[in-house]
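In: for reference, the sequence and a predicted model appear below.
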Amino acid sequence: MSENKKVLHRATAVMAKGIVLSVDIASNIDAICAFRPDPSDLLIASYPKSGTSWMLEIVDLLLHNGDAKICRQAPLSMRVPFLEMSDRLGSQPGLDMLKEMDPPRIIKTHLPFQLIPSGFWENKCKTIYVTRNAKDTVVSFYQFQQMNLTSADPGSWEGYLQRFMHEGWLYGPWYDHVKGYWEERKKRNILYVFYEDMKENLCREVTRIMRYLDLSLSDDVINRIVDLTTFDNMKDNPMANYTFVPKEIFDTSIASYMRKGEVGDWKNHFTPQQSAEFDKVYETKMKEVNIPFRTEL
C-alpha cells in the first residue's frame, strides 16, 4: 500500500533550462543531457501523444524482421528505455536501463531539440521524429494527463487549452517542439514522420522508415508489420498498449492509454469558438515555417 501511495502522488511542473518539466525530470536534467549514446543507437523523439508508441513498435518490428514473438517477450517500456524517465512510475529510470543494455538500443524521448544530449549529433545517431497535428495532440495529451495519476494535474479543459495555445505545457510549447526538429532535420539527418501520413498509408510510411534504417525487408515482412501495427491490433497487444501499468497509476476508467487513434477527433472536444481562437493563434505561431500538418484526412 505504501508503494501505491508513493506512485499516486501527482508530480508538480517546474521550469528547467527554460522548459516546463515534471519535477522529477527537472531534478535530473543535467545527468540526462550528459548522456553519451553509442553511434549505433536510434533515437525516437516526439512531443507527447503524437504516435510515439506506434512508432516504437514499428521500429522494433523492423529491426527484428517482423518477428512478433520476439517483440512480445516484454512490454514496450522494458524494450525501449525512456531517456528522461525517473522511477516515479515504479519502473526503472531510463538512464539506469541504458547502462544495463548493450547497443544498439532504441531510445525514446519527449525532450525538445535543444535538450537532446549533444552526443546524439556528435555520434551521428539516426533519429526519427514523429509528430501529429496540434489539435488532436492537445486533446490526447489532456486525456492522458487526466488518466495518468502521477502526471501534473491538467486542470479544466478550457484552462489546459489556453495554456497549450499561449504558454506551452510540459516539454515546452508544442509549436517550438515541432519547429525545432523540423528546422534541424536536414542538418542532423532526422527522419520527420507525420501521424496523419501513417494513418493515411501505413505501408508507405513503414517502407520509408525501413529505408531510413538502411534495412531491406521483403514485401511480405512489411505487410506483416503493417498488420501488426494497425491501431486495433496495437490496442489489443498487451505488450504495447500499456495495460500492464497498474490502475493505481493509469486510471482507465477515465480514458484508455490508446483511445481512438483517429485524425480529427478534436472536433468532438473543441467548441467552434475554441477552434477559431486556436486557428488564429496557430497561424501566428507557425507563420515562419511551412510544416504540412493536416487536421483531417
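Out: Perfect, I can see it now. Numbering: from 1, shown residues only.

In: right, and D41 touches K108 too?
Out: No. D41 is beyond contact range of K108, at 11.3 Å (criterion: C-beta atoms under 8 Å). Yep, even glycine has a C-beta here, placed from its N, CA and C like the rest.

In: got the contact list for the residue nearest to R36 when sequence neighbours are not counted?
Out: Using C-beta to C-beta, 6 or more residues apart in numbering and skipping the chain neighbours, the partner closest in space to R36 is G119 (4.4 Å). Contact analysis of G119 by C-beta atoms under 8 Å, 6 or more residues apart in numbering lists F35, R36, P37, C125.

In: for the last one, give its distance to L213.
Out: Spelled out, it's C125. C125 sits 12 Å away from L213, going by C-beta to C-beta, to the nearest Å.

In: same question for the second one.
Out: Remark: distance between R36 and L213 (C-beta to C-beta) = 22 Å.

In: show me which of the two is the more surrounded one.
Out: L213 (16 against 12; other C-beta atoms under 10 Å).

In: now do the contacts for that one.
Out: Neighbouring residues of L213 by C-beta under 8 Å, 6+ apart: L42, V59, L62, L63, K126.

In: tell me the mean pLDDT over stretch 123-133?
Out: When pLDDT is averaged over stretch 123-133, the result is 98.

In: how about it: buried residues?
Out: C125, K126, T127, I128, Y129, V130, T131, R132, N133 (16 or more other C-beta atoms under 10 Å).

In: from those, which is closest to L202?
Out: V130 (12.8 Å; C-beta to C-beta).

In: among the contacts of L213, which ones are in helices?
Out: V59, L62, L63 (DSSP state H).

In: of these, which is the nearest to W266?
Out: Out of the ones in helices among the contacts of L213, the member with the shortest distance to W266 (by C-beta to C-beta) is V59, at 26.8 Å.

In: which pLDDT value belongs to that closest one?
Out: pLDDT at V59 comes out at 97.

In: likewise I44?
Out: 98.

In: return the distance of stretch 22-29 from the chain's centre.
Out: On the basis of C-alpha atoms, centre = their mean, to the nearest Å, stretch 22-29 sits 18 Å off its chain's mean C-alpha point.

In: quick check: mean pLDDT of that stretch?
Out: 92.

In: what do you get for stretch 182-190?
Out: 97.

In: how long is it from one end to the other?
Out: Length of stretch 182-190, first residue to last, C-alpha to C-alpha, to the nearest Å: 8 Å.

In: now stretch 153-173
Out: End-to-end span of stretch 153-173 (C-alpha to C-alpha): 17 Å.

In: who's in contact with I107?
Out: Counting by C-beta under 8 Å, 6+ apart, I107 has contacts P37, D41, L42, L43, I44, V80, P81, L83, G94, L98.
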